[in-house]
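> Provide a 3D model corresponding to the input given below.
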Amino acid sequence: MSNVTHKSNSNGHGDYERRDIGVAGVLYFLLGLVVAGIFVHFVVTGLFGFLNKRYEAEQPAVSPLVKSAPEDTRHLPPDYKTDAEGKDYEKYLKKNFPTPQLETDERTQLNKIRIGEEETLSTYGWVDQKAGVVRIPIDRAMDLLAQRGLPVRSGAGTSATAQAQPESPKGSNP
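Here you go, the predicted structure:
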């Protein structure tokens, strides 16, 4: 064995691999990948169909409390065409399912609740019109409370004055 190094490239740069991968190998790999993907697709689709049929066969009977529940509730019937706002879907749920129902649009429902609370806190209105009870905006209520002060119970004032009366001296007899 010789320890002598031979430079194959005289300009000082490294050399490159003389054996490259063949184009045919890459194409065969991609073709195999596509065939395997198609095979997996059909296997998963068949497995889902089998499990779905098994699931539907094992479903318990529909509760007698549900009024005219359709067979498949995952899809809307054709007479309930969904619009952009989902009003038809809400009608479908109210007609075919008992309460309590799941939320259909949490953000919109939460926004409606918050807008209602804000309206209640910032407007005038009747609480009980027959009894003459009204509500006022919370800012106005705080202003009135700051001007008039907190209400004081009349019962607390009489017990405080009874304790404040001076006692008779010990040595004197009435």
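> for the protein, which helix is longest?
helix 23-57 (DSSP state H).
> Give the rounded mean pLDDT of that one.
For helix 23-57, the mean per-residue pLDDT is 95.
> by contact count, what packs against that helix?
Under the contact definition 3 or more Cβ pairs under 8 Å, 6 or more residues apart in numbering; DSSP states H and E, helix 23-57 sits against no other helix or strand. Just so you know, the C-beta spots here come from the backbone N, C-alpha and C atoms, and that holds for glycine as well.
> Identify all contacting residues around stretch 110-122.
Applying Cβ atoms under 8 Å, 6 or more residues apart in numbering, the external contacts of stretch 110-122 come out as 135, 137-139.
> how about the strands of the chain, start to end?
125-128, 133-135 (DSSP state E).
> Identify whichever of those strands lies nearest to Asp143.
strand 133-135 (15.0 Å; Cβ to Cβ).
> Show me where the protein dips below the pLDDT cut-off.
Low-confidence segments of the chain, defined by pLDDT under 70: 1-2, 4-18, 62, 64, 66-87, 156-174.
> which residues of it fall in helices?
23-57, 87-96, 106-122, 138-148, 154-164.
> Those into a markdown table, with extra columns for distance to Ala131 and mean neighbour count?
Converted to a markdown table, these look like this (distance: least, Cβ to Cβ, whole Å; neighbours: other Cβ atoms under 10 Å):
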| stretch | distance to Ala131 | mean neighbour count |
| --- | --- | --- |
| helix 23-57 | 57 | 10 |
| helix 87-96 | 34 | 14 |
| helix 106-122 | 18 | 11 |
| helix 138-148 | 18 | 10 |
| helix 154-164 | 23 | 8 |
